[in-house]
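# Quick one, what's the 3D model for this:
(chains A and B)
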Number of protein chains: 2
Amino acid sequence: MQYVDMSKEDLLETKASLEKEYEKAKGLHLSLNMARGKPAPDQLDISRGLLDVVNSKSDLTALDGTDCTNYGNVNGIMECRQLFADVLGTNAENVLVHGNSSLNIMYDQIARGYAFGYLGETPWCKLDKVKWLCPAPGYDRHFRVTEHFGFELITVPMTENGPDMDVVEQYVNNDPEVKGIWCVPKYSNPSGVSYSEETVKRLANLKPAAKDFRIFWDNAYCEHHLFGDRKIDEVPDILSVCEKAGNPDMVFEFASTSKISFPGSGVAVMAASVANLDDVRKSLNCQTIGHDKINQLRHVRFFKDAEGFRKHMEKHAEYIRPKFDAVLRIFDEELSGLGIGSWTNPNGGYFISFDSLDGCAKEIVAKCKEAGVTLTGAGATYPYGKDPKDSNIRIAPTYPSVEEIEQAAKLFTLCVKLVSVDKLLAAK
Amino acid sequence: MQYVDMSKEDLLETKASLEKEYEKAKGLHLSLNMARGKPAPDQLDISRGLLDVVNSKSDLTALDGTDCTNYGNVNGIMECRQLFADVLGTNAENVLVHGNSSLNIMYDQIARGYAFGYLGETPWCKLDKVKWLCPAPGYDRHFRVTEHFGFELITVPMTENGPDMDVVEQYVNNDPEVKGIWCVPKYSNPSGVSYSEETVKRLANLKPAAKDFRIFWDNAYCEHHLFGDRKIDEVPDILSVCEKAGNPDMVFEFASTSKISFPGSGVAVMAASVANLDDVRKSLNCQTIGHDKINQLRHVRFFKDAEGFRKHMEKHAEYIRPKFDAVLRIFDEELSGLGIGSWTNPNGGYFISFDSLDGCAKEIVAKCKEAGVTLTGAGATYPYGKDPKDSNIRIAPTYPSVEEIEQAAKLFTLCVKLVSVDKLLAAK
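Presented below is the predicted three-dimensional model:
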């Protein structure tokens, strides 16, 4: 029976029994964490071979003759640019390979718009106001970058096909203060949604009121399938779709090996039109003499080609899939039919997105915390950390073990029930 | 005989003979480069052991339990902070370990002042004008960063004790638009000068008109002695001298292992007061989840402690010293007593600074180029690439072999003579 259809008496009875269960759960003194989109420690062991492909006896010369032990090459070594071009479905000349963090490249790219402006346009720091579109639920670290620069964050609802394009078009095509949009096109954080072909086309065919409007296309989960090649979400290459639409300079794409090799010790890339990259190089050449080419070489020699990435990602999926399965099974067993929550069932990425009854998310997260299970803060998936409905919770099942994730998911469903009953009782 | 005392006839005769020599030199079809402050390829082999201390079988846990294969720790791992604190003579809590490039940290730190302001002061992008002191001759990449942000660069003459402090005090203590100064305190680029204790004290005791005035203290050559411990320039720890002077927040210090381990694949650090670092962390936490901790661990395990750095730097000096010796010997043999140039004789660093007769530097560099020897562009050591006297040339002897450097230095002295004779003849 759906909770909403229960009588007050039934709800009170349910509540009493849930509270007993909750007290028992607290007695277990759990200390579990479903907050962090991090690979598990044992999972990372599959990448350790990366640390052997370069050693003191290695030839550290790149294919074009670049000595990777010395200064220079702000573009990244060519074979690494080519490798990522193949992964992203673009060309090597459209790719710059940087250091260890794609977030840092995105931050830098925002900072360049702020301080210098793109392709000769007015630097944003000279404008009264800059607005930024934030499809939500989305990635808190994206939102925080644009908040840090003082932009006005505008929430765009996420649909099952990506951001609500009617809303996006309305803003972008009419308001010159709207300078950008955050996008995670594949296995989106946190919903796992992949943008449909139509969404990608509508994005590429925007007619921005601002010449310097840019799509920030964080392809963080480009190869992060949960089911190998049995179920793969395909998202068209944004660079070529934009070019075809007559908007070749409208997009910056980002990716990294953070969840492929080692988080924090991988390589990160930016892809864009050559005109945009020339613009980037103007400041990049002031900023650094070059990134870590030995680590770039290490990655090329370990993964070899795009197929190497794919095979490696299947190994990652072996670790992650049982954890997603466990959460989804328990959610299904414990919550389906009760009408107190819905959740996503993605084909890739690192998250499951859960939506409770309105006004329950914060309380659910607090109840979980009280019983030893840490979740991503409620609201984190919305601009300014404020979920207007207080209903979205990001579930990150990858870091704990399967056993731990089962305990955590059970406790989570218990808290969902408890908080929902309270909510419904308060309305009676 | 000094060229300046020669008769017109003597000069013409000398010129004729020099021109013959020059034509002969051109016939050698040299292709040498004394432009780049880069270690030589064979020299870098001494650091290759760095690539073995971490491999697939290594325990990649930092001393405080941090898993270096996973996300996190924006400060850098504690043992690496401690290592650099020992090298710089400060405390671990005053050190942040970042990625591979200290130039990038300096750029970021300028960008933070520009976009956010330091410790609550007005962001520089909101001001009409920002001025920056540039002791010159100095490092072109420093000057370029501040030029890129549109600051007005003010040349401060370098003396044998560091920047002319009368000039620095005059500007800093009176003009609130002066927001910073570039400093390379030890074995300065390009003169090799180390700041005297008095210079350091006067810098620390500035009474800036701008609250957000900062000393950018690029300790790039902190351990880069040419003569091991036989001749070491000592420069006091700027952080503690500033603190003692009541200006604890007035300085950002930078260093890296670029010329210790591998250029481009090393680790770089920033040192400052905790108040400043807290301020940095506000944006750093938006910018990245953390830097490459595996590479930090690699460096700690290879160098072990500050003494390890020192021993390693003695090996580097074995490669570099004969090259400096060769240049200085040839300059001495060919130029001393002629009154057409002076040069520095540093105890460390990567450069020799040469001063020709006024108005000759560009022509000397061009003549060298014509005969196959590339030098740093004349003017590069001054703000905006413009040496008002057109006399300073940066000599970088480290990259070529000793044999090559001898050829290059000889050709250089020949060009100095030739251009000087022309100059003196033109004045007759």
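# make it CA atoms for all contacts and neighbour counts henceforth
Will do.
# residues contacting A:Gln170?
With contacts defined as C-alpha atoms under 8 Å, 6 or more residues apart in numbering or on different chains, A:Gln170 has no neighbours.
# State the distance from it to A:Gly138.
20 Å (C-alpha to C-alpha, to the nearest Å).
# Not counting sequence-adjacent ones, nearest residue to the closest residue to chain B within the stretch 301-428 of chain A?
In the stretch 301-428 of chain A, the residue that lies nearest chain B is A:Tyr399 (10.5 Å; C-alpha to the nearest C-alpha). Leaving aside its sequence neighbours, A:Tyr399 sits nearest to A:Ala40 (C-alpha to C-alpha, 6 or more residues apart in numbering or on different chains; 4.2 Å).
# Tell me who's in contact with that neighbour.
Residues near A:Ala40 by C-alpha under 8 Å, 6+ apart: A:398-401.
# Just the buried residues of those.
In the contacts of A:Ala40, burial by neighbour count holds for A:398-401, counting by 16 or more other C-alpha atoms under 10 Å in any protein chain shown.
# What are the contacting residues of stretch A:337-352?
Applying C-alpha under 8 Å, 6+ apart, the external contacts of stretch A:337-352 come out as A:1-4, A:37, A:186-193, A:221, A:224-227, A:231-233, A:324, A:328, A:335, A:353-357, A:394-398, A:416-417, A:420.
# What distance separates the opening and closing residues of that stretch?
Taking C-alpha to C-alpha, stretch A:337-352 runs 19 Å from one end to the other.
# Equivalent analysis for stretch A:73-84, please.
Using C-alpha to C-alpha, the two ends of stretch A:73-84 sit 17 Å apart.
# Now that stretch: average pLDDT?
Taken as a whole, stretch A:73-84 carries a mean pLDDT of 98.
# just stretch A:333-347 next, same as before
The average pLDDT for stretch A:333-347 rounds to 97.
# Next: stretch A:140-152.
Mean pLDDT, stretch A:140-152: 98.
# can you check stretch A:47-65 too?
pLDDT averaged over stretch A:47-65 gives 97.
# What residues sit buried inside it?
Going by neighbour count (16+ other C-alpha under 10 Å), the buried part of stretch A:47-65 is A:47-48, A:50-56, A:60-62.
# between those residues, which is nearest B:Phe149?
A:Ala62 (33.4 Å; C-alpha to C-alpha).
# A:Arg112 against A:Glu121, yeah?
No - using C-alpha atoms under 8 Å, A:Arg112 makes no contact with A:Glu121, being 11.2 Å away.
# And those two? Which one has more around it.
Taking other C-alpha atoms under 10 Å in any protein chain shown, A:Arg112 and A:Glu121 do not tie; A:Arg112 has more neighbours (19 against 12).
# which ones are touching the more buried one?
A:118, A:280, A:283.
# And A:Tyr3, by the same measure?
A:11, A:338-340, A:421, A:424.
# so what pLDDT did it get?
So, for A:Tyr3, pLDDT stands at 96.
# quick revisit: which of the contacts of A:Tyr3 are buried?
Buried among these (16+ other C-alpha under 10 Å): A:11, A:340, A:421, A:424.
# The residues you listed: which two are farthest apart?
Among those, the pair separated by the greatest distance (C-alpha to C-alpha) is A:Leu11 and A:Ile340, at 13.0 Å.
# On the three-state scheme, the closest residue to chain B within the stretch 101-250 of chain A is what?
Relative to chain B, the nearest point of the stretch 101-250 of chain A is A:Asn104 (5.0 Å; C-alpha to the nearest C-alpha). With DSSP: H, G, I helix; E, B strand; the rest coil as the basis, A:Asn104 sits in helix.
# can you pull out the strands in the stretch 1-150 of chain A?
A:32-34, A:95-97, A:131-136 (DSSP state E, counting those that start in this stretch).
# who does the longest one touch, helix- and strand-wise?
Looking back up the chat, that one is strand A:131-136. Secondary-structure packing of strand A:131-136 (3 or more C-alpha pairs under 8 Å, 6 or more residues apart in numbering or on different chains; DSSP states H and E): strand A:152-159, strand A:178-183.
# Can you give the contact residues for the longest one?
Contacting residues not belonging to strand A:152-159 are listed as A:129-137, A:143, A:146-147, A:163-164, A:167-168, A:382-384 [C-alpha under 8 Å, 6+ apart].
# Equivalent analysis for stretch A:115-125, please.
For stretch A:115-125, the external contacting residues (C-alpha under 8 Å, 6+ apart) are A:112-114, A:130, A:211-212, A:275-276, A:279, B:111, B:114-115, B:125-126, B:149.
# Restricted to buried residues, select those in ChimeraX.
Applying 16+ other C-alpha under 10 Å to the contacts of stretch A:115-125, the buried members can be selected in ChimeraX as follows:
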select /A:112,113,114,130,212,276,279 /B:111,114,115,125,149
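# Just flag the most distant two among the contacts of stretch A:115-125.
Across those, the two members that end up farthest from each other (C-alpha to C-alpha) are A:Ala275 and B:Lys126, 28.6 Å apart.
# quick check, the residue of the stretch 301-428 of chain A closest to chain B in a helix?
No - looking at A:Tyr399 with three-state DSSP, it is coil, so not inside a helix.
# so it touches A:Leu32, yeah?
No - using C-alpha under 8 Å, A:Tyr399 is not in contact with A:Leu32; the gap is 9.7 Å.
# tell me what the top helix by length along chain A is packed against?
As assigned by DSSP state H, the longest helix anywhere in chain A is helix A:306-335. Secondary-structure packing of helix A:306-335 (3+ C-alpha pairs under 8 Å, 6+ apart): helix A:78-88, helix A:402-427.
# Paired strands for the very next helix or strand once past it, with orientation please.
Following helix A:306-335 in sequence order, the next helix or strand is strand A:341-343 (DSSP states H and E). Strand A:341-343 sits in its sheet next to strand A:352-356 (antiparallel), going by DSSP bridges.
# In this structure A:Asn174 contacts A:Lys211, no?
No - using C-alpha under 8 Å, A:Asn174 is not in contact with A:Lys211, being 11.8 Å away.
# List the buried residues of stretch A:295-308.
Buried residues in stretch A:295-308, counted by 16+ other C-alpha under 10 Å: A:295-303, A:305-306.
# and the helix or strand containing A:Glu363, average pLDDT?
According to DSSP H and E, A:Glu363 maps onto helix A:361-370. Taken as a whole, helix A:361-370 has a mean pLDDT of 98.
# Now do it: which elements does it pack against?
Applying 3+ C-alpha pairs under 8 Å, 6+ apart, one finds that helix A:361-370 makes contact with strand A:373-375, strand A:392-395, helix A:402-427.
# out of the ones you listed, nearest to B:Arg202?
With C-alpha to C-alpha as the measure, strand A:373-375 is the member of the helices and strands packed on helix A:361-370 nearest B:Arg202 (52.3 Å).
# Summarise which helices and strands the closest one is packed against.
Contacts defined by 3+ C-alpha pairs under 8 Å, 6+ apart place strand A:373-375 against strand A:32-34, helix A:361-370, strand A:392-395, helix A:402-427.
# And for the closest residue to A:Asn285 other than its chain neighbours, the neighbour number?
Distance criterion C-alpha to C-alpha, 6+ apart; nearest residue to A:Asn285, sequence neighbours excluded, is A:Val74 at 7.0 Å. By other C-alpha under 10 Å, the residues close to A:Val74 number 19.
# Could you do A:Thr257 as well?
The number of residues packed near A:Thr257 is 23, by other C-alpha under 10 Å.
# for it, phi and psi?
phi -100, psi 20 (degrees, to the nearest 10).
# Would you mind measuring from it to B:Ser191?
Taking C-alpha to C-alpha, one finds A:Thr257 at 42 Å from B:Ser191.
# residue nearest the centroid of chain A?
Nearest residue to the geometric centre of chain A (C-alpha atoms, centre = their mean): A:Asn189, 3.8 Å.
# Was I right to think that residue contacts A:Pro135?
No - A:Asn189 sits out of contact with A:Pro135 when judged by C-alpha under 8 Å, with a separation of 10.4 Å.
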